[in-house]
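**Student:** missing the sequence, but the structure's below:
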Ligand SMILES: Nc1ncnc2c1ncn2[C@@H]1O[C@H](COP(=O)(O)OP(=O)(O)OP(=O)(O)O)[C@@H](O)[C@H]1O
């Protein structure tokens, strides 16, 4: 089953006060099947954040459409957008986006509080997730009392708590040291193996090599994609590196 369908997405930023307009996306088309783990790579300025913003319905495309479970995002009324995001998407950001005045537990439960879920049900939902992520003992701590890796695991728990159709991750390992990066990538692999669909924007070849497929964005389009298939992480890593070199040196589209 197709979870996400992106059709001929185009985004032109038009400056309000003169200046040149920027075409950030020209014609992006791809889809993501249920249970897939897809990474998106591309040079700085290639349009990755722009794309993620469209997928999250945080910004509107100039042309084209994004469908989640077959439903066009453009059909969602403005006032229903935050509820839509809360109910169907999970977000993981580079800088965690935890609330400093809430402990980890309240950060993780926040989406359920906003959904009006019964308090007892919240705990039932949360405990298996935080145990799996290894942060069950840190729930009373505040973000400034835990490490970057632990903060990011709390952010993943918050993303998972609503059982979203799709996790959108923007450079999730960008602020982590190598040990925490490995741990977080392990978490992503496990949640993907348990069926969670993940779309991750990353500059890290290591992170991308854990995904099942990597899309390369260049000049506002999906320029190329590679599937992991039977390759080991190491083989896929080499394959991704070679593709990035090919893109950077202006290689031919395949
Ligand atoms: N709000 C905006 N207004 C005008 N131009 C923008 C806006 N946001 C992004 N751009 C431009 O659109 C292009 C794509 O930017 P985007 O941030 O999507 O790239 P990116 O691939 O995410 O880059 P990075 O890897 O550095 O985060 C760039 O030329 C950028 O300057």
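**Tutor:** That came through, no problem. Computed from a predicted structure; not experimentally measured.
**Student:** got the residue ranges for the strands in the chain?
**Tutor:** 2-13, 22-33, 37-41, 63-68, 71-72, 89-93, 166-170, 198-201, 213-218, 221-227 (DSSP state E).
**Student:** Please state the offset of the first one from the chain centre?
**Tutor:** Averaging C-alpha positions (C-alpha atoms, centre = their mean, to the nearest Å) puts strand 2-13 15 Å from its chain's average.
**Student:** ends of stretch 112-125, how far apart?
**Tutor:** 10 Å (C-alpha to C-alpha, to the nearest Å).
**Student:** which parts of it are buried?
**Tutor:** Within stretch 112-125, the residues that count as buried by 16 or more other C-beta atoms under 10 Å are 112, 117, 122, 125. Using the backbone N, CA and C atoms, a C-beta is placed for each residue, glycine as well.
**Student:** between those, which is nearest residue 36?
**Tutor:** Minimum distance to residue 36 across the buried residues of stretch 112-125 is 24.3 Å, recorded for residue 125 (C-beta to C-beta).
**Student:** and the ligand, which of the buried residues of stretch 112-125 reach it?
**Tutor:** Counting by C-beta under 6 Å from any ligand atom, nothing from the buried residues of stretch 112-125 sits close to the ligand.
**Student:** mind giving me TSV with the residues you listed and columns for distance to residue 188?
**Tutor:** Formatted as TSV, the buried residues of stretch 112-125 follow (distance: C-beta to C-beta, whole Å):
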residue	distance to residue 188
112	22
117	25
122	24
125	20
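**Student:** which among those gets closest to residue 67?
**Tutor:** Closest to residue 67, out of all of these and judged by C-beta to C-beta, is residue 112, at 26.3 Å.
**Student:** Contacts only, for that closest one.
**Tutor:** Shown in contact with residue 112 (C-beta atoms under 8 Å, 6 or more residues apart in numbering): 121-122, 125, 161-162.
**Student:** What parts of the stretch 1-150 of the chain come near the ligand?
**Tutor:** 13, 22, 24, 42, 44-50.
**Student:** could you redo those as TSV and give each row distance to residue 56, neighbour count and pLDDT?
**Tutor:** Below are these laid out as TSV (distance: C-beta to C-beta, whole Å; neighbours: other C-beta atoms under 10 Å; pLDDT from 0 to 100):
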residue	distance to residue 56	neighbour count	pLDDT
13	17	13	94
22	20	14	92
24	15	24	95
42	17	22	93
44	20	7	90
45	19	10	89
46	18	21	91
47	14	25	92
48	13	22	93
49	10	16	91
50	11	21	94
